[in-house]
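Curious how this folds, go ahead:
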Amino acid sequence: MVAMALTGTPSPALRGALSVIAERLHETFDRYPGFEPGASRRSCVQSALVVRDFLQSLGIEARVAPVAAVTMAIRDGKPRVLGHVGSEDGKPRNPTRWNGHIVTIADGYLIDPTLKQVSAVLPDMAAVPLVTGKTSMNLPVLSQLAFNAAGDAVVMQWLDTPRNTYWTKGLVPAANTARREVTAALRNACLATAPRA
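Just a heads-up that it's a prediction; the model follows:
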């Protein structure tokens with residue numbers, strides 16, 4: 001099981017699904033043939049798409065969203081960037097990497113299953129309520145998470161970058177098959193642990 005930062009009060013259905021995601025998402029990917037162990041932790045696209053598909057299979061409306069993810073430490077009132085992934089348009093800084101991050105939006109929550117990609121000080125995953133009316137770096141803030149790390153106040157922000165669609169160019173059929181099978185395994189795990197009526 002990985003560490004998931006959870007804030008707010010998600011619906012019972014979402015809370016149960018989040019528990020399965022934290023307990024099983026990366027472990028299930030690690031067992032899937034063709035995925036090297038740990039690959040899902042480095043693939044926000046595959047992980048967020050599986051989370052979306054899994055939630056939809058449970059009847060929870062969900063979508064993926066491209067974001068810029070920024071982590072800042074604040075000491076003596078001064079922010080210092082610890083990690084930053086993503087740009088407004090997603091154009092790669094080098095030919096093998098997309099410049100962005102993908103999360104899942106569901107039931108008023110932002111779910112980031114590969115949060116540690118942004119900065120090592122962060123938990124593995126996060127599920128945090130959406131916010132409205134805030135901007136940062138001239139972009140709308142979808143959500144944020146505040147916590148303390150090594151004596152610093154740390155703020156993680158997910159900034160909305162809907163024009164960043166470059167990530168869709170890298171989807172491959174073999175990954176779609178893996179995604180379907182991992183989604184089915186998560187759904188089966190969730191249904192097996194659901195209370196009986």
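
The closest residue to Ala150 other than its chain neighbours and Pro113: what is the separation?
Once flanking residues are discounted, Ala150 sits nearest to Val121: 7.3 Å by Cβ to Cβ, 6 or more residues apart in numbering. The C-beta positions use only the backbone N, C-alpha and C, and glycine is treated the same way. Val121 is 18 Å from Pro113, where distance means Cβ to Cβ, to the nearest Å.

Same drill for those two, tell me which one is more crowded.
Shown here are Val121 and Pro113; by other Cβ atoms under 10 Å, Pro113 has more neighbours (29 against 16).

For the more buried one, give me its contacts.
Pro113 makes contact with Ile21, Leu25, His26, Ser40, Cys44, Ser47, Ala48, Val50, Val51, Thr104, Met125, according to Cβ atoms under 8 Å, 6 or more residues apart in numbering.

what's Gly59 sitting at in phi/psi?
phi 90, psi 10 (degrees, to the nearest 10).

How many residues are close by it?
Neighbours of Gly59 (other Cβ under 10 Å): 7.

Can you show me the strands along this structure?
4-6, 62-75, 78-85, 101-106, 109-112, 125-129, 135-136, 139-149, 152-160 (DSSP state E).

The shortest one pairs with which strands, and in what direction?
Going back to what we said before, that points to strand 135-136. strand 139-149 (antiparallel) (DSSP bridges).

Only the buried residues of the strand it pairs with, if you could.
Across strand 139-149, burial judged by 16 or more other Cβ atoms under 10 Å covers Leu139, Val141, Leu142, Ser143, Gln144, Leu145.

which other residues reach it?
Defining contact as Cβ under 8 Å, 6+ apart, one finds that strand 139-149 is touched by 5, 7, 65, 67-68, 73, 88, 103, 105, 109-110, 121, 126, 128-131, 134-135, 153-161.

do that again at 7 Å, thanks
Under the criterion Cβ atoms under 7 Å, 6 or more residues apart in numbering, residues 5, 7, 65, 67-68, 88, 110, 121, 126, 128-131, 134-135, 153-161 lie in contact with strand 139-149.

Are any of those buried, and if so which?
Here, 16+ other Cβ under 10 Å leaves 5, 65, 67-68, 88, 110, 121, 126, 128, 154-161 buried among the contacts of strand 139-149.

State the mean pLDDT of stretch 126-143.
Average pLDDT, stretch 126-143: 91.

what's the residue nearest to the spatial centre of the chain in contact with, if anything?
The structure's the chain has its C-alpha centroid closest to Asp112; by Cα atoms, centre = their mean the separation is 1.7 Å. By Cβ under 7 Å, 6+ apart, the contact list for Asp112 reads Val103, Met125, Ala126, Trp158.
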